[in-house]
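>>> no letters, just coordinates:
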């Protein structure tokens, strides 16, 4: 039996940073992974998706090159080559994770972990051999998988995001079940490459977690890409055969070559046998933790998607992985609560802090400041004028409590807003901070001025 100070279960974006940080703190550390280092995010989620999206956007931009005075001749794409490049990027990054773990002295153990007690684990390898581990503390970072409800037909044409990413060709038509982040990202990716896409979302609108004015910009753009958005009713009577997939939305038939299921993710904790370790779970199988990511069992921590009420984002898991590793070593630090979220649709969306609609629903008095990219010099020069940025500030104190961006490079721009919200800046303080010209980030400064009605480059609000 091998003995460790810390064993991390799962080598995704939460697990491997937790293992590395534990090793940095001088603790003998092992990490257990049953599939691939880097987890879902690196291998079948964030990285491969964004790699393909980058290719799709480059192709789409080339088609519109004439607007910038660029003639490309006949523009075409090779989807199989896009997929091959995606695999190259994934393999390179996964290799980097392995090198980092080894360089920090972390033992990498391949297999499926199971608790045999609060401080004892068994790891069953693919060859059937079992290895036993003794550990002072364990960090659970097993993540989640795509949810595939039992009412869906089991057929090769009914797939989730991981299976879609493994394909070497695009379908001519695609039905996306779910208008959340994953569904909208894949819809935009496929539509930019010429696939006829239909998105079915049973809620009243796509992406309900963001403000209505932001959703409106995305809906308009998705429809311009040829995407049919069917909201406010479920997809029923779903059937699949060798010719395609059909379903019914209200009174119309929906048909496509493939059905991409994007209705959420399910946690993966069943194999752990948590009861043996005395770790409590909630009704959904997720794990409640305290501010240090400690579970009901003092020797066990949990991070990332498996945690009750968590935002299922890679960077949340990473932050919690470092936090848990330090807490397990007796260190204390602030548990960060301002989490930026990025949506890689066309156009991109970034969110930080509370939205305007969330603040109002909570009865909080707020003021907002908005600035359109159409009025921004850098955006006009780059030919990217779609969308806007928006601040949400407390009406009484002027403190910035939230921000949203929809438009060019919104996923990069939101980091600036997250920093301002996290450090409790006021709109006045932010507006007085000099921003370089011409840049897209100037939009935040202009929006801060707009909140007070002092924006130079926008007409005053009508009274």
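Alright, I've got the coordinates. All of these numbers come straight from a predicted model, not from anything done at the bench.
>>> the spatially most central residue of the chain: what's it in contact with?
Centroid check for the chain by Cα atoms, centre = their mean gives residue 313 as the closest residue, at 4.7 Å. Applying Cβ atoms under 8 Å, 6 or more residues apart in numbering, we find residue 313 in contact with 339, 341. C-beta coordinates here come from the backbone N, C-alpha and C atoms, glycine included.
>>> from here on, call the first residue 620.
Yes, from this point I'll number from 620; that puts the last item at residue 932.
>>> buried sites along stretch 669-689?
Judged by neighbour count (16 or more other Cβ atoms under 10 Å), stretch 669-689 contains these buried residues: 669-676, 678-680.
>>> measure the residue nearest to the centre of the chain to residue 762 for me?
12 Å (Cβ to Cβ, to the nearest Å).
>>> one step back: and of the buried residues of stretch 669-689, the nearest to residue 705?
residue 670 (4.3 Å; Cβ to Cβ).
>>> give me the secondary structure label for the closest residue in space to that closest one that isn't next to it in sequence.
In space, and not counting its chain neighbours, residue 670 is closest to residue 705: 4.3 Å by Cβ to Cβ, 6 or more residues apart in numbering. Here residue 705 is recorded as helix under DSSP: H, G, I helix; E, B strand; the rest coil.
>>> what about residue 705, how many residues nearby?
Burial of residue 705 is recorded as 19 neighbouring residues (other Cβ atoms under 10 Å).
>>> got the contact list for it?
667, 670-671, 784.
>>> farthest pair within these?
Among the contacts of residue 705, 670 and 784 lie farthest apart (Cβ to Cβ), at 9.5 Å.
>>> remind me which residues of this structure are low pLDDT?
Scanning the chain for pLDDT under 70 picks out 1082.
>>> domain-wise, how is it divided?
621-764+885-947, 777-882, 966-1070 (automatic domain parsing).
>>> save those as a markdown table, and put in distance to residue 770 too.
What follows is the domains of the chain, written out as a markdown table (distance: least, Cβ to Cβ, whole Å):
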| stretch | distance to residue 770 |
| --- | --- |
| domain 621-764+885-947 | 15 |
| domain 777-882 | 8 |
| domain 966-1070 | 30 |
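>>> closest to residue 958 out of those?
Closest among the domains of the chain, using Cβ to Cβ: domain 621-764+885-947, at 5.7 Å.
>>> over to that closest one now: how far is its first residue from its last?
19 Å (Cα to Cα, to the nearest Å).
>>> element containing residue 732?
strand 731-736 (DSSP states H and E).
>>> and that strand, which strands flank it?
Strand 731-736 has its sheet partners listed here by DSSP bridges as strand 739-743 (antiparallel).
>>> now do the buried residues in the partner strand.
For strand 739-743, the buried set under the neighbour-count rule, 16+ other Cβ under 10 Å, comprises 739-742.
>>> among those, which one sits closest to residue 726?
Using Cβ to Cβ, these come closest to residue 726 at residue 742, 11.1 Å.
>>> quick one: that closest one and residue 734 touch, right?
No. Here residue 742 lies out of contact with residue 734, judged by Cβ atoms under 8 Å, at a distance of 11.0 Å.
>>> which of the buried residues of stretch 669-689 fall within helices?
Taking DSSP state H as the definition of helices, those contribute 669-676, 678-680.
>>> tell me which of those is nearest to residue 1015?
Using Cβ to Cβ, those come closest to residue 1015 at residue 669, 39.6 Å.
>>> which residue is the nearest non-sequential neighbour of the closest one?
With Cβ to Cβ, 6+ apart, the residue lying closest to residue 669 is residue 963, at 5.8 Å.
>>> now do residue 981
Residue 981's closest residue in space is residue 973 (Cβ to Cβ, 6+ apart), at 7.8 Å.
>>> what residues does the one you found make contact with?
Counted by Cβ under 8 Å, 6+ apart, residue 973 has contacts 981, 983, 1011, 1020-1021.
>>> coming back round to it: so for residue 771, which of the domains of the chain sits nearest?
domain 777-882 (5.6 Å).
>>> what segments of the stretch 720-869 of the chain are strands?
726-729, 731-736, 739-743, 749-759, 763-765, 777-779, 792-796, 815-820, 847-850, 854-860, 863-868 (DSSP state E, counting those that start in this stretch).
>>> and the closest residue to residue 831 other than its chain neighbours, how far is that from residue 885?
The shortest distance from residue 831 to any non-neighbouring residue, by Cβ to Cβ, 6+ apart, is to residue 976 (6.9 Å). For residue 976, the distance to residue 885 equals 27 Å [Cβ to Cβ].
>>> helices along the stretch 920-1069 of the chain, start to end?
933-947, 975-980, 996-1001, 1029-1041, 1046-1050, 1061-1070 (DSSP state H, counting those that start in this stretch).
>>> ranking the ones you listed by burial, who's on top?
helix 1061-1070 (a mean of 25; mean count of other Cβ atoms under 10 Å).
>>> so which strand or helix has residue 623?
Here residue 623 is assigned to strand 621-628, by DSSP H and E.
>>> and the contacts of that strand?
634-635, 637-638, 641, 646-651, 726, 732, 740, 750-761, 891, 940, 944, 947.
>>> try 6 Å
Residues outside strand 621-628 that contact it (Cβ atoms under 6 Å, 6 or more residues apart in numbering): 634, 637-638, 641, 646-651, 732, 752-761, 947.
>>> can you select the buried ones from these in PyMOL?
If you want just the buried ones from those in PyMOL, going by 16+ other Cβ under 10 Å, the selection is:
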select buried, resi 634+637+638+641+646+647+648+649+650+651+732+752+754+756+757+758+759+760+761+947
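>>> ok, the residue nearest to residue 879 when sequence neighbours are not counted - contacts?
Excluding the flanking residues, the one nearest residue 879 by Cβ to Cβ, 6+ apart is residue 795, at 4.9 Å. Contacts for residue 795 were tallied using Cβ under 6 Å, 6+ apart; they are 802, 806, 818, 879, 881.
>>> can we see that at 8 Å?
Per Cβ under 8 Å, 6+ apart, neighbours of residue 795: 802, 805-806, 816-819, 878-879, 881.
>>> repeat that for residue 1050.
Contacts of residue 1050 by Cβ under 8 Å, 6+ apart are 1064, 1067-1068, 1070-1071, 1073.
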